[in-house]
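K.L.:
Model the structure of this input:
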Amino acid sequence: HVQLVESGGGSVQVGGSLRLSCVASGNHARVYSMGWYRQYPDKEREGVAGINYKGIAWYSDSAKGRFNVSQEETKKTLHLQMHNLKPEDTAMYYCRTRKCSANMCYETQTYWGQGTQVTVS
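P.N.:
Numbering: from 1, shown residues only. All right, here's what the predicted structure looks like:
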């Protein structure tokens, strides 16, 4: 089993910055994808940014140019540096990790953190 703990959320003014962190523990091997997702009230979670199991970063259109995702060498910590925050970035942010093999990832082995709130006003 894998546990994820997010931190770094909070309230910030428009144009400000925040850095989210996600730490994985438990049976978290090196071959995992990790990513950040956010959820608005009454909406489904949407991908924001992450690093896939090949080590390649991906970003949503809204995150490109403003957010930077990075992973520590141990592969157990994922950061999301957010700049130029906008009111529409206000949401609950969740960290997700999914176990992968050399060629694929397994949906049944997906783990979520509890989330951290980001409020931009």
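K.L.:
neighbours around Gly47, how many?
P.N.:
A count of nearby residues for Gly47, using other C-beta atoms under 10 Å, gives 14. No exception for glycine: its C-beta is placed from N, CA and C like everyone else's.
K.L.:
and stretch 83-91, average pLDDT?
P.N.:
Per-residue pLDDT values over stretch 83-91 give a mean of 98.
K.L.:
end-to-end on stretch 99-113?
P.N.:
Stretch 99-113 has its terminal residues 15 Å apart, counting by C-alpha to C-alpha, to the nearest Å.
K.L.:
What of stretch 10-19?
P.N.:
For stretch 10-19, the separation between the terminal residues is 10 Å (C-alpha to C-alpha).
K.L.:
Check stretch 74-87 too.
P.N.:
For stretch 74-87, by C-alpha to C-alpha, the gap between its terminal residues amounts to 33 Å.
K.L.:
Over to stretch 41-53?
P.N.:
Across stretch 41-53, the straight-line distance between its terminal residues is 30 Å, by C-alpha to C-alpha.
K.L.:
got the buried residues for it?
P.N.:
Arg45, Val48, Ala49, Gly50, Ile51, Tyr53 (16 or more other C-beta atoms under 10 Å).
K.L.:
now stretch 6-22
P.N.:
By neighbour count on 16+ other C-beta under 10 Å, the buried set for stretch 6-22 is Glu6, Gly8, Gly9, Val12, Leu18, Leu20, Ser21, Cys22.
K.L.:
Among the buried residues of stretch 41-53, which ones are in strands?
P.N.:
Filtering those for membership in strands, criterion DSSP state E, returns Val48, Ala49, Gly50, Ile51.
K.L.:
Contacts only, for Gly50.
P.N.:
Neighbouring residues of Gly50 by C-beta atoms under 8 Å, 6 or more residues apart in numbering: Ser33, Met34, Gly35, Trp36, Ala57, Trp58, Val69, Leu78, Arg96.
K.L.:
Of these, just the buried ones, PyMOL syntax please.
P.N.:
Taking 16+ other C-beta under 10 Å as the burial criterion, the selection of buried members of these in PyMOL is written as:
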select buried, resi 33+34+35+36+69+78+96
